[in-house]
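Colleague: got a sequence here, can you model it:
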Amino acid sequence: MDTLIRNNEKLAKHQAGASQKVLSAVDAALKALQTARQQLSIEEESPADLEKALAQLERSQATSSEQLKELYTNVSKYGKLVDKTFKLDLSTVAESRAFEDKRDVLAQAILLHFLREGDFVTASRFAIEAQLQLPEDTKTQFEDMYCTVAEMRGAEHELSSAIAWTVANREKLEELELPLEFALHRLRFLQLVERGRGAEALMYSRTWFPRFASQLGEIEHLMGIFIYAKRLESSPYASLFTEQRWEDGAHAFASAFCTLMGLAAASPLSVTVAAGARALPVVCKVSGLLRDKKVEWSQQNELPVEVPLPDEMRFHSVFACPVSKEQATRENPPMMMPCGHVVCKASLDKLARGVRPGSIASGRFKCPYCPGLSVLSDARRVYF
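Modeller: Modelled structure (predicted):
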């Protein structure tokens, strides 16, 4: 993909240069024709000027043809690169039976995705076609959430509904250590200051801020804003008044709302599709290499190659056994030996089976990373 982007940038630069050269050639031809026309209006016959204009036209045509030919060649090469990059034979990695016994689960995931995205009409129609029971309680909750989010994103940036919800769910939010209530009160305070209602903003801060002792430093910083109340755009607080703050606040509210419902902040279906799209080119390439070498990947629940994912798509720690290089699973969990080193259970079993009769300590085996001796029963499972 990086190669594709670099070539796209090169092609864009070449196109800009070619366009400039062609325009310059056309301008020169027009200028020559205008000169010849002026001479003809003065003199009845001016063969020298006509020949000069004709020569300029031929040079302009040659320049334009050359530049267009070169540009079309580069566009063709880039098109072939795009086709090569995105040409994926999905039949090598597709498994038509993967969802045979999971159709109901997949349908429920799709239905929930429509609800979380606020597409309630599509959710209702999908539930009918898939013969699913539409969870009315969940639908009502998401309708309330999107109504509140719409108010926050609206022209007036109404915060009363969002703040009322955080106050009503204060204990749950505090248990989960979600600072949403303070964030919304902070938004309201800044909104009052921005609208020139300084006295009301001060009273608002005295009413709500005292209960947020853990945010004392931020509150003290906010109190200095009154010094610059008449010139906020050129003050040190100018960065607090960008339009992005409303989008960030709406996103924080939606995330907290989903968390209290026992749902992930992002749609699991969206995350799964995005992660799969990132992994697909790599998996297809590796699958092709394995096929060419007549080797099959038989490890269950594990990809044949690591796929780098951004931090927002990483939800838990992953352990890879330093001995077998395989990723730990529920069936093959990480095990810690008395010496403190950790390997997967399958590797530990192999080490234990490899103990030869007559060893220094019967039933004991050496850690592959230190001189420590261990017994299989002494190993403890590690939870990440």
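Colleague: which residues are in contact with residue 122?
Modeller: Contacts for residue 122 (C-beta atoms under 8 Å, 6 or more residues apart in numbering) come out as residue 114. The C-beta positions use only the backbone N, C-alpha and C, and glycine is treated the same way.
Colleague: let me redo that: residue 133
Modeller: Residue 133 sits next to residue 127 when contact means C-beta under 8 Å, 6+ apart.
Colleague: that one in helix, strand or coil?
Modeller: Put simply, residue 133 is coil when judged by DSSP: H, G, I helix; E, B strand; the rest coil.
Colleague: quick one: pLDDT of it?
Modeller: With respect to pLDDT, residue 133 has a value of 89.
Colleague: what of residue 158?
Modeller: Note on residue 158: pLDDT of 95.
Colleague: thought it was touching residue 149?
Modeller: No. With contact defined as C-beta atoms under 8 Å, residue 158 does not count as touching residue 149 (10.8 Å).
Colleague: neighbour count for these two, which is higher?
Modeller: Taking neighbours as other C-beta atoms under 10 Å, residue 158 and residue 149 compare with residue 149 leading, 20 against 15.
Colleague: how about the nearest residue to that one, chain neighbours excluded?
Modeller: Leaving aside its chain neighbours, residue 149 sits nearest to residue 250 (4.8 Å; criterion: C-beta to C-beta, 6 or more residues apart in numbering).
Colleague: which ones are touching the one you found?
Modeller: Contacts of residue 250 (C-beta under 8 Å, 6+ apart): 149, 152-153.
Colleague: among those residues, which are in helices?
Modeller: Within the contacts of residue 250, residues falling in helices by DSSP state H are 149, 152-153.
Colleague: save those residues as TSV, and put in distance to residue 60 too.
Modeller: Listed next are those as TSV, based on distance: C-beta to C-beta, whole Å:
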residue	distance to residue 60
149	58
152	59
153	54
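Colleague: now, among the residues you listed, which is nearest to residue 179?
Modeller: Among the ones in helices among the contacts of residue 250, residue 152 lies closest to residue 179 (C-beta to C-beta), at 16.7 Å.
Colleague: so where does residue 199 fall, helix or strand?
Modeller: If you go by DSSP states H and E, residue 199 is part of helix 198-208.
Colleague: which SSE is immediately downstream of that helix?
Modeller: Heading C-terminal from helix 198-208 (DSSP H and E), you reach helix 216-223.
Colleague: which elements pack onto that next one?
Modeller: Applying 3 or more C-beta pairs under 8 Å, 6 or more residues apart in numbering; DSSP states H and E, one finds that helix 216-223 contacts helix 180-194, helix 198-208.
Colleague: just the pLDDT at residue 309, thanks.
Modeller: With respect to pLDDT, residue 309 scores 78.
Colleague: next, work out how far apart residue 216 and residue 224 are.
Modeller: 14 Å (C-beta to C-beta, to the nearest Å).
Colleague: whoops, I mixed them up, residue 343
Modeller: For residue 343 relative to residue 224 (C-beta to C-beta), the value is 55 Å.
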